[in-house]
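1. here are the coordinates; sequence isn't available:
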């Protein structure tokens, strides 16, 4: 029988060795903007050196590496490489669906009332086309599946939810929600930015139609480089809204003017890529894949479970669901009689990075965070309200 604690420690140590931020910070703010991994830093540094010294003479090699990033993203979620579009951010991936469907007046979108604005505004913007956005109430991030189903009807075209709630870290049952959407013949869209790379996902088993996530949170990559997954069967349903030279089959033949769109999700990549960003994203994806997403999830949940237990001993109130099927790397807490903004300011001064969301302190630990980081957090919080 394998020693689980030894496996967790091995995963933690292996990743920690590749995170330069650990030299200075107890970094517990991955749900906001994460530090770059060492491999991402090296990839960006190499690109900068080549771009300055070689110009575009090495462009074809960059393009090859970008396609390797696409392949790594596909491997991460069990998709086919042709189902992955490289996008600048989660919002762009959401808008592929929001602006790509052939909406009709009276259609509706069903989402949750605690979504991050990126997963609300693109749907609300469809009001100009007569499309209604229905927001389902949640309870501490938990979704009442019966209530969600009651908000859907024959005019529901999309059900869109975050895999993990950004404010309190509640992880949702994607399989159950997919079933509700598909019973209405609606597309199921997932904002995966708070779960991708740290919790296992296989789109051949969990019937997500479309998904998007930027790399700058749990994927330990720079801002401006993300991925979108478009199930092959959905390609014909989403009209590209930003067509350019890179959208067509003959993208490299600039003198041939024929609107022959690529038969893959790459059709949505109209122009030039953020080469540095996507090379860095690819390097981080390979690091996470090598560590094993299942191992990463286990390490994260083990640390956050311990953190939740020890935080209560310093007077914190845990506001995040912590059951086995709802917990994540995000812990939302309250320190009675303490100003969250002042607490965060104090923690930063102590070398502990965390965030404030929804009037609470939000702690978001990755798999490389260890006992030392947890101790620094607890010590900082003990003195934060004095």
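-> Cool, the structure landed. Please read all numbers here as calculations on a predicted model, not as lab measurements. Numbers count the residues shown, from 1 in each chain.
2. quick check, pLDDT for residue 2.
-> pLDDT for residue 2: 61.
3. let me redo that: residue 207
-> 97.
4. give me the residue ranges of the protein where confidence is low.
-> 1-2 (pLDDT under 70).
5. so where do the strands sit in the stretch 251-386 of the chain?
-> Secondary structure of the stretch 251-386 of the chain (DSSP state E, counting those that start in this stretch): strands located at 317-318, 330-334, 352-353, 355-357, 360-364.
6. would you reformat those strands as JSON lines and include mean neighbour count?
-> Glycine gets a C-beta too; all of them are placed from N, C-alpha and C. Converted to JSON lines, these look like this (neighbours: other Cβ atoms under 10 Å):
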{"stretch": "strand 317-318", "mean neighbour count": "14"}
{"stretch": "strand 330-334", "mean neighbour count": "24"}
{"stretch": "strand 352-353", "mean neighbour count": "24"}
{"stretch": "strand 355-357", "mean neighbour count": "19"}
{"stretch": "strand 360-364", "mean neighbour count": "26"}
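7. just so I know, which of the ones you listed lies nearest residue 21?
-> Between residue 21 and the strands of the stretch 251-386 of the chain, the shortest gap by Cβ to Cβ is with strand 352-353, which sits at 8.5 Å.
8. I'd say residue 251 and residue 245 touch.
-> Yes. Counting by Cβ atoms under 8 Å, residue 251 touches residue 245, with 6.0 Å between them.
9. dump the strands of the stretch 251-386 of the chain into TSV; add distance to residue 49 as well.
-> Below are the strands of the stretch 251-386 of the chain laid out as TSV (distance: least, Cβ to Cβ, whole Å):
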stretch	distance to residue 49
strand 317-318	46
strand 330-334	36
strand 352-353	29
strand 355-357	34
strand 360-364	33
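10. nearest to residue 256, out of these?
-> strand 360-364 (48.0 Å).
11. and the closest one, what does it pack onto?
-> strand 330-334, helix 340-349, strand 355-357 (3 or more Cβ pairs under 8 Å, 6 or more residues apart in numbering; DSSP states H and E).
12. now what about the second one, what contacts it?
-> Meaning helix 340-349. 334-335, 353-356, 359-361, 377, 380-381, 383-385 (Cβ atoms under 8 Å, 6 or more residues apart in numbering).
13. nearest to residue 261, of those?
-> residue 355 (40.6 Å).
14. and the closest one, bridged to which residues?
-> Beta-bridge partners recorded for residue 355 (DSSP bridges): residue 362.
15. gap between it and residue 140?
-> Distance of residue 355 to residue 140, given as Cβ to Cβ, to the nearest Å: 18 Å.
16. break the protein into its domains for me.
-> Per automatic domain parsing, the structural domains of the chain span 4-36+292-384, 44-289.
17. now find how far off-centre the first one is within its chain.
-> Here domain 4-36+292-384 is found 18 Å from its chain centre; the criterion is Cα atoms, centre = their mean, to the nearest Å.
18. measure that domain end to end?
-> Using Cα to Cα, to the nearest Å, the end-to-end distance of domain 4-36+292-384 comes to 34 Å.
19. buried residues of stretch 44-60, list them for me.
-> For stretch 44-60, burial by neighbour count (16 or more other Cβ atoms under 10 Å) applies to 44, 47, 50.
20. now, among these, which is nearest to residue 270?
-> Among the buried residues of stretch 44-60, and counting by Cβ to Cβ, the member closest to residue 270 is residue 47, at 21.7 Å.
21. so the closest one is in contact with residue 278, correct?
-> No. Here residue 47 does not reach residue 278: they are 9.6 Å apart, not a contact under Cβ under 8 Å.
22. distance check, the most centrally placed residue in the chain against residue 25.
-> Nearest residue to the geometric centre of the chain (Cα atoms, centre = their mean): residue 193, 1.3 Å. According to Cβ to Cβ, residue 193 stands 22 Å off from residue 25.
23. again, but for residue 257
-> 52 Å.
24. so which of these two has more stuff around it?
-> Neighbours were counted for residue 257 and for residue 25 using other Cβ atoms under 10 Å; residue 25 has more, 17 against 8.
25. how about that one, what does it touch?
-> 35, 351-353.
26. and it, its phi and psi?
-> phi -110, psi 150 (degrees, to the nearest 10).
27. got the contact list for residue 47?
-> Counted by Cβ under 8 Å, 6+ apart, residue 47 has contacts 62, 275-276, 279-280.
28. and which of these is nearest residue 220?
-> residue 280 (9.1 Å).
29. tell me, how many residues neighbour that closest one?
-> The burial count for residue 280: 30, using other Cβ under 10 Å.
30. please apply the same query to residue 132.
-> Neighbour tally, residue 132, other Cβ under 10 Å: 16.
31. just give the nearest non-adjacent residue to it, would you?
-> residue 108 (4.2 Å; Cβ to Cβ, 6 or more residues apart in numbering).
32. what's the answer for residue 303, then?
-> residue 365 (5.2 Å).
33. what does that neighbour show for phi and psi?
-> The phi/psi pair for residue 365 (degrees, to the nearest 10) is phi -90, psi 140.
34. between the contacts of helix 340-349, which is closest to residue 298?
-> For these, the nearest to residue 298 is residue 377 (20.3 Å; Cβ to Cβ).
35. that closest one: what's it in contact with?
-> Residue 377 neighbours (Cβ under 8 Å, 6+ apart): 26, 28, 307, 347, 352, 354, 363.
36. ok, which pair from these is furthest apart?
-> Most distant of the contacts of residue 377, by Cβ to Cβ, are 307 and 347, 13.7 Å apart.
37. and these two? which has more neighbours close in?
-> residue 347 (25 against 22).
38. now the strands: where do they sit in the stretch 51-200 of the chain?
-> According to DSSP E, counting those that start in this stretch, the strands that the stretch 51-200 of the chain contains are 84-87, 108-112, 132-136, 156-162, 187-191.
39. quick check: residue 381 vs residue 318, distance?
-> Counting by Cβ to Cβ, the gap from residue 381 to residue 318 is 13 Å.
40. buried ones in stretch 320-339?
-> Within stretch 320-339, the residues scored as buried using 16+ other Cβ under 10 Å are 320-322, 326-333, 335, 338.
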